[in-house]
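Participant: sequence first, then the predicted structure:
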Amino acid sequence: MPNNLRRLRHLGACLAGLPMLLCTHVHATELCFPKINLEVPATSEGLYVNLVTGTSGQSEGAVPGFDVDIYAAVSSMPSGQLKFYWGSASTGGAGVAIVGDTYAVLTVGQEVGPQSLFTRAAFAGDTSAW
């Protein structure tokens, strides 16, 4: 499986909710289980995460090949709204959307696959449900 597709599946399935989830393959399906609680600082830098290696840190340089930067947008309405910035490693995929650039909040066991809608919207993405 190409690395970008693997990252896409991790992003769609693992960003179903925080705490961060670790994924495993079971019968050609990826399942996620809560394993690690990651605190996202309420800053414009937030938390950079590489979903393949499990590395996280508070700067892009601290997390080579990061997939997503989860941060608080200081100029959003309301202020401090959770936002996602997708790194170059996530080319071809990003977060699961319910419509347009509105990020979905997935339920436990919800399937994410080729039929799912994805968005790469950063600051302009609607994360109000988060």
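Facilitator: Now that the structure is in, tell me what you want to look at. Numbers count the residues shown, from 1 in each chain.
Participant: shouldn't residue 73 be in contact with residue 42?
Facilitator: No: counting by C-beta atoms under 8 Å, residue 73 sits too far from residue 42 to count as a contact (10.3 Å). C-beta here means a position set from N, CA and C on the backbone, and glycine is covered the same way.
Participant: what's around residue 84, how many residues?
Facilitator: By other C-beta atoms under 10 Å, 24 other residues sit near residue 84.
Participant: swap that for residue 81, sorry
Facilitator: By other C-beta under 10 Å, 18 other residues sit near residue 81.
Participant: identify the bridge partners of it.
Facilitator: Judged by DSSP bridges, the bridge partners of residue 81 are residue 73.
Participant: show me the contacts for it.
Facilitator: Neighbouring residues of residue 81 by C-beta atoms under 8 Å, 6 or more residues apart in numbering: 72, 73, 127, 128, 130.
Participant: mind running it again at 10 Å?
Facilitator: Going by C-beta atoms under 10 Å, 6 or more residues apart in numbering, residue 81 touches 71, 72, 73, 74, 75, 123, 125, 126, 127, 128, 130.
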